[in-house]
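Colleague: prediction below, plus the sequence it came from.
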Amino acid sequence: MGRYQIRVFKREDMNLDKSVSSFSKNIAVWKWQSASDIIRPDATDKTKVKANEGEGFMSTNVELGKDCNVLTGGFYTEAWGGDNITRAFYYCGANWWDFTAPSGSRGKSITWEFSTKGISGKHLTLSLAVGGGYQHKTDGKVPTQWNIEYSTDGVNFTSVKKKWVIYQTVVNGHTAMDAPGGNAEHVFDLPDEMFGHDKVYVRMKVAAKVTYDINKGVIGGNLTQAKQETDKAKNYLRFECISIKYNK
């Protein structure tokens with residue numbers, strides 16, 4: 001073969017020193033990849049979910065449907081073992097767009113709160129895998145355009161990313177033979193000014209009542225109040241791993 005060879009890549013070839021700590025560090029992680037990764041509700045506020053690693057809370061200001069109250073306040077997991085799909089955490093029975101609220105406050109949100117006190121570094125990020133919708137053949141009833149915002153006081157929020165797009169969850173993609181199952185992964189850079197606070201907040205907030213049009217296979221369908229209320233229990237928003245980390 002001349003001067004080049006094709007061979008199996010071995011673990012020893014990576015030459016990594018296990019005694020040296022990683023250059024990055026997790027502040028808080030929410031994950032549901034195995035049976036041991038359980039949902040951890042807060043003892044006093046059942047609308048908050050504790051991080052599985054580190055310290056932090058995940059919460060939402062949307063009202064969850066009563067028929068989704070399987071474990072604690074509508075938070076539960078689904079293994080989809082027969083479909084060979086990764087475990088996920090999801091909100092369901094939720095109307096993510098409030099048609100009766102004043103302009104500017106119609107979009108509902110999900111918030112992550114955590115502490116950066118005593119922490120200094122760079123490249124603070126929010127990483128998450130998320131998808132909207134009930135099944136791969138269900139027309140979108142979860143908005144696809146969201147804003148990512150941050151706050152150091154929990155009141156005043158500044159935009160990091162506007163109209164970020166969440167795609168339809170392809171739950172049964174492996175049986176449809178046209179797409180892999182799972183949810184898209186996203187990473188957002190957060191500003192350095194978030195370091196050194198007792199509490200900081202990052203939230204994803206609905207930006208517009210635009211959904212995924214399953215019939216056309218494009219983003220561009222308009223959510224209506226009637227459509228949102230129809231079979232409301234299937235208004236799913238699914239998450240896999242969510243992490244807040246930084247470089248030391």
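Modeller: Received the coordinates, thanks. Fair warning: this is a prediction, and the values are worked out from it, not measured in the lab.

Colleague: tell me where this structure has helices.
Modeller: Listed in chain order, the helices found in the chain under DSSP state H are 173-176, 225-229.

Colleague: compare those helices and say which comes out lowest on pLDDT.
Modeller: Ranked by mean pLDDT, these bottom out at helix 173-176, which scores a mean of 48.

Colleague: run a quick neighbour tally on the closest residue to Arg203 other than its chain neighbours.
Modeller: Using Cβ to Cβ, 6 or more residues apart in numbering and skipping residues adjacent in sequence, the residue nearest Arg203 is Thr111, 4.1 Å away. For every residue, glycine as well, the C-beta is placed using N, CA and C. Counted with other Cβ atoms under 10 Å, residues neighbouring Thr111 total 19.

Colleague: Thr111 against Lys199, yeah?
Modeller: No. Judged on Cβ atoms under 8 Å, Thr111 makes no contact with Lys199 at a distance of 11.1 Å.

Colleague: which residues does the residue nearest to Arg203 contact?
Modeller: Met58, Ser59, Thr60, Asn61, Tyr201, Val202, Arg203 (Cβ atoms under 8 Å, 6 or more residues apart in numbering).

Colleague: okay, those residues in TSV with pLDDT, neighbour count and distance to Ala101 next?
Modeller: As requested, the contacts of Thr111 are exported to TSV (pLDDT from 0 to 100; neighbours: other Cβ atoms under 10 Å; distance: Cβ to Cβ, whole Å):
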residue	pLDDT	neighbour count	distance to Ala101
Met58	90	23	23
Ser59	88	18	19
Thr60	86	22	15
Asn61	87	13	11
Tyr201	98	20	20
Val202	98	24	22
Arg203	97	22	16
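
Colleague: list the residues that contact Val8.
Modeller: With contact set as Cβ under 8 Å, 6+ apart, Val8 has no partners.

Colleague: quick one: it and Lys163, what's the gap?
Modeller: 45 Å (Cβ to Cβ, to the nearest Å).

Colleague: cool, and Asp198?
Modeller: Asp198 is 31 Å from Lys163, where distance means Cβ to Cβ.

Colleague: again with Thr116
Modeller: Distance from Thr116 to Lys163, by Cβ to Cβ: 27 Å.

Colleague: of those two, which one has the most company?
Modeller: Between Thr116 and Lys163, counted using other Cβ under 10 Å, the more crowded position is Thr116 (21 against 13).

Colleague: my guess is that one contacts Ile27. True?
Modeller: Yes. If you go by Cβ under 8 Å, Thr116 and Ile27 touch, sitting 6.9 Å apart.

Colleague: looking at the protein, which helix or strand is least sure?
Modeller: Using mean pLDDT, DSSP states H and E, the weakest-scoring helix or strand in the chain turns out to be strand 76-78, at a mean of 43.

Colleague: sorry, back to before: quickly list what the residue nearest to Arg203 is bridged to.
Modeller: Using DSSP bridges, the bridge partners assigned to Thr111 are Ser59, Arg203.

Colleague: what about Gln5, how many neighbours?
Modeller: Using other Cβ under 10 Å, Gln5 has 6 neighbouring residues.

Colleague: list the contacts for it?
Modeller: Residues near Gln5 by Cβ under 8 Å, 6+ apart: none.

Colleague: report pLDDT for it.
Modeller: Note on Gln5: pLDDT of 74.

Colleague: how close does it get to Trp30?
Modeller: As defined by Cβ to Cβ, Gln5 lies at a distance of 43 Å from Trp30.

Colleague: one more: Asn52?
Modeller: From Asn52 over to Trp30 (counting by Cβ to Cβ), the distance is 6 Å.
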